[in-house]
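**Q** Dropping a prediction and its sequence here:
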Amino acid sequence: MRRFNTWGLLALTGAAAAANAAEQIAVEEVIVTATRRAQEVQDVPASVAVVDPREFAAGGLTSLSGVLKYVPGVNFNDDGAPGQGSITMRGVANIFSTPSVGIYLDDIPYGSVTAFAEGANFALDALLGDVERIEVIKGPQGTLFGAASMGGSVRYITKEPSLTDFGGRFSTDLSDSSQGGFNQLYKAGVDIPIVNDKLALGVSGFYQDNDGFIDQAVRPDKDINDAQLRGGTATLLFRPSEPWKFKLNYMDQRSEFTGQNAVPFNINTGEPVFGKYKQNTAGEEPTEIEYELSSATIEYQGGWGTATLASSYQEFSQVAIVDLTRFFGPLVDAQVGAPPGTNTVPLDSRISTDRWAHEFRLTSANNEHLEWLVGLYYTKEESSNFQGAVASPSNFNLVTQQFPSTYEEKAAFGNLTYYFTSQFDATVGVRLSSNDMGVLFTGTGFLAGPNLPEQTVSDDVQTYLFNARYRPNDDVSLYFRAANGYRPASANLPLINPATGDILSVPFVKADTLWSYELGAKGNLAGSAFGYDVAVYLIQWEDLQVFRSFNGVNVGGNADSDVTATGLEATLTYQPTTAFNIAATFAYSQSELDEDDPAIGGLEGEQLPGIPEWTFSLSGNYDFMLGSLDAFVGGGLAYQDSRNTSFKGGVGDNGVAIAPANRNFTTDDYVVADLRTGVTWGRYELSLYATNLFDEYAFQRATTTGTQGSASIVRPRTIGVVFNAEF
């Protein structure tokens, strides 16, 4: 029968032996490395969700957005195309282009931590790769993971090839989407022991072709947001002797799409301008995203503990064409004296990052007396951002600009855990970081500012951690956690007032920092038939990094107001027998300005944009026999509360009107239902599924620019079949 899970959320409340009056339920342990040492998830003094992507895949959920809607306190802000979007946790919103959630492949950090490479807008979606599990660690992780993990971290733990057994796997997912067409996904992998118990090679790959469901309003093109994704992974694992482990890993992921899931809407009414599934771009908007990673990990495990060295080099690039005609076409026509509607304005956008990262870490063995961890970390990234908007057919240069940037971080970190008794222990941790960032700006064209010499900023940041954990028995774990995190300071592009020559922007964007205070409880009741994982938190956030607008032009800055976030998260599970389990999750998040802030257009007490106040999910699975076959049926409901696109503004405490740069639009709340059923026989599994079962139409992310709105919508109902085979 199937392993205890509900939509792939593996034993969120910890592993234990569950029983009822009729039978004993054996639930396997779930071991995680969220604290950089192997621990049972129930013993981790932090809120950690563990996701099995294979279980979600059986229900057609193969993207990060589909998975995270079942994890409380975490939101994926989907930009409507593969590889584009941002992750937020616990009300720590991204109102700037520096990420607030760190993404890792094992011990390797992903992407850029800078705004000029738009690090917040590219979230690695590695669910199609050879991933064993995903660890979602909520709350600031500045001590162990450094910059840009102030909201939390997402870690993809990759599968290691078997050193002893040859094996392979194949799966295919074929589906059809309402308003769209045929979708197909193929995945395969093989483990090849080369020298028994010493050397093995693992190779895997995937190809996905998703048909679009957005049509053109002014052209006959249909399903313009189709997408093709392909990728592969190769892992060489070498264990010459018991203490040593060497792992070489290579990953390549590429995606191509010709348009985004973006629908313009009327801000006053919320109605789509051209229809629910239509947009009005003047031409195609092709985009290519490539991500390539090479890494090496060396590990030595002795009686005293483990030494780990992880080094990596990665390349990321996006090449995109974006249609700006509706924004700037009339301006160009007026400048060149052409009749209205003559010129189109395509934007050629090219963003890339090359990054090196190295970490050396010593970790003591688990001993329940005195445990320690120390490490050194170094990363350097070189990024470029080119934007060119030349109108056609006039060849009018609206703007051609580029701003290459660099970022370097050096850090030393460590923590110490002391067990006062076998039931009570405490951890203290610290990280000392030195960061340097620089950016250069050159540009020509009608809207370009003056060329600027390299702007640089250096900053030293300290982050701290304190945990206290009490385990009165094997079924209960209580903890208190105080920790802080940060996003690094950034050089800024000066914005000059053309009338006076004065510089309107600040010379650099300060690092923003936050402290988080959390109380949590994890445990089991009624012989472990009931499980719970509950946490409450208070976050105090200073120098929030934001975009500040001057006459419609955005540059970096810091909010004048601090932010206070409070919240509650819970996962409740019920498993009366081995055949049936159900889980309910909910999260409440209130993330508000502490005072009026005219510079960003917000009033005291306003919720930060993009943050839902409530989220909720309910999921379950039931196993049964269908003749001689093992069968299952499962499903889930996920609720998303309404969200604001910007601050609302209004009259402040001093009686002065405060206006946001963009008008606010509040999205409607919505519920999405997913369903799956299938059978397994031997090494094979066949499942049928429906995602968005009731074909809910909803804005999953909306943005406003001035008085114009654009939204990505929830993918329409998709019905499919999944076949898995192992050999």
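**A** Sure thing, it's come through. Residues are numbered from 1 along each chain as shown.

**Q** Quick check: G66 is in a strand.
**A** No: G66: not assigned to a strand; according to DSSP: H, G, I helix; E, B strand; the rest coil it is helix.

**Q** What is the burial count for it?
**A** Using other C-beta atoms under 10 Å as the criterion, G66 is surrounded by 24 other residues. For the C-beta atoms, the positions are set from N, CA and C on the backbone; glycine is no exception.

**Q** And for the one 3 residues further on?
**A** The criterion is other C-beta under 10 Å. On that basis, K69 has 25 neighbouring residues.

**Q** got it, and I192?
**A** I192: 14 neighbours (other C-beta under 10 Å).

**Q** next one: P340
**A** 9.

**Q** Give me the pLDDT for the closest residue to it other than its chain neighbours.
**A** Residue nearest to P340 in three dimensions, not counting chain neighbours: D333, with 5.4 Å by C-beta to C-beta, 6 or more residues apart in numbering. pLDDT recorded at D333 is 92.

**Q** quick check, D333 in a helix?
**A** Yes: per three-state DSSP, D333 lies within a helix segment.

**Q** So it sits against G341, correct?
**A** Yes: in this structure, D333 is within contact of G341 by C-beta atoms under 8 Å, at 7.2 Å.

**Q** With neighbour numbers in mind, choose between those two.
**A** D333 (19 against 11).

**Q** Which parts of the stretch 1-150 of the chain are strands?
**A** Shown for the stretch 1-150 of the chain, the strands assigned by DSSP state E, counting those that start in this stretch span residues 17-19, 24-26, 31-32, 39-40, 47-51, 74-81, 84-89, 101-105, 108-109, 131-138.

**Q** Work out the sheet partners of the fourth one and label each with its direction, please.
**A** Each strand paired with strand 39-40, and its direction, by DSSP bridges: strand 31-32 (antiparallel).

**Q** Just the residues contacting the partner strand, thanks.
**A** A38, Q39, E40, V41, V44, V48, V50, R133, E135 (C-beta atoms under 8 Å, 6 or more residues apart in numbering).

**Q** Skipping adjacent residues, who's closest to the second one in space?
**A** Of all residues beyond its chain neighbours, the one nearest Q39 is V32 (6.3 Å), with distances taken as C-beta to C-beta, 6+ apart.

**Q** measure the one you found to V44 for me?
**A** 6 Å (C-beta to C-beta, to the nearest Å).

**Q** Over to E359?
**A** In terms of C-beta to C-beta, E359 sits 20 Å off from V44.

**Q** Same check on F420?
**A** In terms of C-beta to C-beta, F420 sits 19 Å off from V44.

**Q** who's in contact with the residue nearest to P340?
**A** D333 neighbours (C-beta under 8 Å, 6+ apart): P339, P340, G341, T342, N343.

**Q** now do 6 Å
**A** Residues near D333 by C-beta atoms under 6 Å, 6 or more residues apart in numbering: P340, T342, N343.

**Q** For the helix or strand harbouring L416, list every residue counted as buried.
**A** Taking DSSP states H and E as the criterion, L416 maps to strand 405-419. The neighbour-count check on strand 405-419 (16 or more other C-beta atoms under 10 Å) flags S405, T406, Y407, E408, E409, A411, F413, G414, N415, T417 as buried.

**Q** Dump those residues into a markdown table; add pLDDT as well.
**A** A markdown table is the format used below for the buried residues of strand 405-419 (pLDDT from 0 to 100):
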| residue | pLDDT |
| --- | --- |
| S405 | 91 |
| T406 | 93 |
| Y407 | 94 |
| E408 | 95 |
| E409 | 95 |
| A411 | 96 |
| F413 | 96 |
| G414 | 95 |
| N415 | 95 |
| T417 | 96 |
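
**Q** Closest to R548 out of those residues?
**A** S405 (19.0 Å; C-beta to C-beta).

**Q** how near is the closest one to V136?
**A** Using C-beta to C-beta, which is the criterion applied here, S405 is 29 Å from V136.

**Q** Ok, F238 next?
**A** 31 Å.

**Q** For G212, give me phi and psi.
**A** phi -80, psi 170 (degrees, to the nearest 10).

**Q** where does the closest residue to S422 other than its chain neighbours land on pLDDT?
**A** Among residues not flanking S422 along the chain, E368 sits closest, at 6.4 Å (C-beta to C-beta, 6+ apart). Looking at E368, its pLDDT reads 83.

**Q** Closest to the centroid, which residue in this structure?
**A** In the chain, the residue lying closest to the centroid (C-alpha atoms, centre = their mean) is I87, at 3.6 Å.

**Q** how about it, what does it touch?
**A** F76, V101, A123.

**Q** one more time with 7 Å, if that's ok
**A** Contacts for I87 (C-beta atoms under 7 Å, 6 or more residues apart in numbering) come out as V74, F76, V101, A123, V154.

**Q** Same question for D106.
**A** Per C-beta under 7 Å, 6+ apart, neighbours of D106: I157, T158.

**Q** pLDDT score for it?
**A** 92.

**Q** just the one 5 residues further on next, same as before
**A** At G111, the model reports a pLDDT of 89.

**Q** Pretty sure G119 is one of the things it touches, is it not?
**A** Yes: taking contacts as C-beta atoms under 7 Å, G111 lies within contact range of G119: 5.4 Å.

**Q** With neighbour numbers in mind, choose between the two.
**A** Taking neighbours as other C-beta under 10 Å, G111 and G119 compare with G119 leading, 29 against 24.

**Q** quick revisit: with neighbour count and pLDDT added, can I get the contacts of strand 31-32 in TSV?
**A** Output for these, formatted as TSV (neighbours: other C-beta atoms under 10 Å; pLDDT from 0 to 100):
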residue	neighbour count	pLDDT
A38	12	81
Q39	17	82
E40	15	85
V41	24	84
V44	24	88
V48	24	91
V50	22	90
R133	19	91
E135	19	92
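
**Q** so where's the stretch 351-500 of the chain shaky on pLDDT?
**A** 494-500 (pLDDT under 70).

**Q** Quick one: neighbours of the residue nearest to Q39, just the number.
**A** V32: 22 neighbours (other C-beta under 10 Å).

**Q** Could I get the pLDDT score of it?
**A** pLDDT at V32 comes out at 73.

**Q** mind checking how far it is from A49?
**A** From V32 to A49 the distance is 10 Å (C-beta to C-beta).

**Q** Overlap in contacts, those two.
**A** By C-beta under 7 Å, 6+ apart, no residue touches both V32 and A49.

**Q** who's in contact with T427?
**A** N415, L416, T417, L465, N467.

**Q** switch to 8 Å and redo it
**A** With C-beta under 8 Å, 6+ apart, T427 has these contacts: P45, N415, L416, T417, Y418, L465, F466, N467, A468, R469.

**Q** and if you look at A702?
**A** With C-beta under 8 Å, 6+ apart, A702 has these contacts: F265, R643, T645, F665, T667, G709, S710, A711, S712.

**Q** what pairs with it across the strands?
**A** Where A702 sits in a bridge, its partners, by DSSP bridges, are A711.
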